[in-house]
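Enquirer: need a structure here:
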Amino acid sequence: IPQNELLEYSDEIHLPTPNLEKLKNISLFDSFKSRKTSRQFLRENVSMDDLSSILYCCFSYIHGQEWADFSENNIKFFGKRRSFPSAAAMEGTTVYLMIRSFSGLTPGVFFYEPKQHKLLKVNEEPSDSLITSLMADQFWSKDISIGFFLVANMHKTWTKDIKARGYLATYLEAGHASQNLQLSATAMGLNTWITGTFRDDEMSELLALKTIEKFATFFVGVGKGLNHSIR
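Expert: This next block holds a predicted model:
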């Protein structure tokens, strides 16, 4: 499995231990029922505890480093498991965050490092006008508190699924991840909005993606608002 390249970053923030009570106290059906594409956000602060819990449940290795069925059969285990399946089993999807309205953290653009459950700052906070441009003029995106960019690493995926098949696997994986992210944020009492429409060159510059094999596939905006579909 190809290794992740070393990331250039200016700061690192260790996230608090996830508090999973909110997620445990709401049913899956209630999350399904409540999830809605919202386009009216109020740019209010999201707590560090809520962000920590969402990132842990959606993008960290919640199953630990050992699988019982492998251990029982004395099979050496090298893989890792997150809460969503990897279409090529190569863990090709990573997550970057655009943090704007947040309690206890200076705004900016961050990479989530799941092994140590921490954020690495890769860029400064973009302006309202830049965000609107990035999102192909979907202007309500500028009021989102936290934006999650799902980023594909084709160098990993193409190790198994080559050419067009690799792209299909990548977008399937991102779809699984975005669904988990939306349901988790909804369970935490937050509103969500998703898009796959943005300006790729500007997006890659903001996220400091240095190779063409890495690119954003989906964006999930999370925040507090009026839960209106129309802005």
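Enquirer: pLDDT below threshold where in this protein?
Expert: For the chain, the stretches flagged by pLDDT under 70 are 1-5, 65-67, 77-79.
Enquirer: residues in contact with the lengthiest helix in it?
Expert: If you go by DSSP state H, the chain has its longest helix at helix 163-187. Outside of helix 163-187, the residues within contact range by Cβ atoms under 8 Å, 6 or more residues apart in numbering are 22-23, 26, 28, 30-32, 34-36, 53-54, 57-59, 83-88, 92-93, 95, 148, 150, 152, 154, 157-158, 160-161, 191-192, 194, 217-218, 220, 222. C-beta coordinates here come from the backbone N, C-alpha and C atoms, glycine included.
Enquirer: Show me what the next helix-or-strand element following that helix is packed up against.
Expert: Counting by DSSP states H and E, the next helix or strand C-terminal to helix 163-187 is strand 191-195. Judged by 3 or more Cβ pairs under 8 Å, 6 or more residues apart in numbering; DSSP states H and E, the packing partners of strand 191-195 are helix 163-187, strand 214-223.
Enquirer: Find out how far the first one is from the centre of the chain, if you would.
Expert: The offset between the C-alpha centroid of helix 163-187 and the centroid of the whole chain comes to 10 Å, using Cα atoms, centre = their mean, to the nearest Å.
Enquirer: same deal with the last one?
Expert: Computed by Cα atoms, centre = their mean, the separation of strand 214-223 from the middle of its chain amounts to 7 Å.
Enquirer: Pairing partners for it, with directions?
Expert: Paired neighbours of strand 214-223 in the sheet (DSSP bridges): strand 146-153 (antiparallel), strand 191-195 (antiparallel).
Enquirer: from those strands, which stretch is densest packed?
Expert: Per residue and on average, the most neighbours among those fall to strand 146-153, with a mean of 24 (mean count of other Cβ atoms under 10 Å).
Enquirer: Taking their axis directions, that one and helix 163-187 sit at what angle?
Expert: 160 degrees (axes from the mean of the first three to the mean of the last three Cα atoms, to 10 degrees).
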